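> I need the structure of the sequence given here:
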Amino acid sequence: MRIEVSTPSGIGWADIDRPRGAARALLLLTHGAGGTVETADVNAIRGAALKAGVAVARITQPYRVAGRRTPPAPPVQDLAWLAVVTAVRRRRGFGDLPLFLGGRSNGARVACRTAGASGAVGVVALAFPLHPPGKPENSRLPELDGAGVPVLVVQGDRDPFGMPPAGAAREVVVVPGADHSLKRDPATVAATVVAWLLRGR
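Model (predicted):
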């Protein structure tokens, strides 16, 4: 089911899927900078999560609904994202579920930056862009470090955007032979994410 959400930056979309039985958790996933929520990894996670009893909302951010490929400045992007998160949380049966935020590439950055404000209990970072290709000095590691909740990073070992280090509250799973798209083995990506979501639940 798709809902439209009004945000300070325009309309965002949330494509919501519920598991057959009672949901155990809620996972919000979003796209990369110029991408969509129809990527192989995001859709594989959606399918596996639903089978495991996790509700999934795939979020198309307002700038992509409007047809733009470049995200706005982080403060603007984050406000719009949080408006969509709030709207999804208000849907029937979702308010009391453990909330996980996630996304691929730029979407992973948004999830990390907003984890605290949203009340999330964890972040799934798919192909986190640690730095622009060829520019390791421009590190985005502070966004990962600042999430304030446990983070799962799933990264291809051929990703030109770098390999984030593991940390005290950060697990890094490397997908051999995968690049930034993570399309080499989406089933393994999905299984890894779902196992992490359900750990201790």
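
> hey, which helix is longest across the protein?
helix 74-89 (DSSP state H).

> residues of it that come out buried?
Buried residues in helix 74-89, counted by 16 or more other Cβ atoms under 10 Å: 77-78, 80-85, 87-89. C-beta here means a position set from N, CA and C on the backbone, and glycine is covered the same way.

> how about Val193, secondary structure?
helix (DSSP: H, G, I helix; E, B strand; the rest coil).

> Provide a list of residues in contact with Ala55.
Counting by Cβ atoms under 8 Å, 6 or more residues apart in numbering, Ala55 touches 16-19, 23, 25-27, 49, 93-94, 97.

> Quick check: which element contains it?
In this assignment (DSSP states H and E), Ala55 forms part of strand 54-60.

> just the angle between that strand and helix 74-89, please?
140 degrees (axes from the mean of the first three to the mean of the last three Cα atoms, to 10 degrees).

> Quick one: residues contacting Arg109.
By Cβ under 8 Å, 6+ apart, the contact list for Arg109 reads 74, 103, 128-129, 140, 143.

> what's the most distant pair in the residues you listed?
Greatest spatial distance in the contacts of Arg109: Pro74 and Phe128, 14.9 Å, computed using Cβ to Cβ.

> now the strands for the protein?
2-7, 10-17, 25-30, 54-60, 99-104, 122-126, 151-156, 170-175 (DSSP state E).

> Given the third one, what are its sheet partners and their directions?
As defined by DSSP bridges, the strand partners of strand 25-30 come to strand 54-60 (parallel), strand 99-104 (parallel).

> Repeat that for the longest one.
When sheet partners are counted by DSSP bridges, strand 10-17 sits next to strand 2-7 (antiparallel), strand 54-60 (antiparallel).

> As a markdown table, these with distance to Thr114 would be great.
A markdown table is the format used below for these (distance: least, Cβ to Cβ, whole Å):
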| stretch | distance to Thr114 |
| --- | --- |
| strand 2-7 | 13 |
| strand 54-60 | 11 |
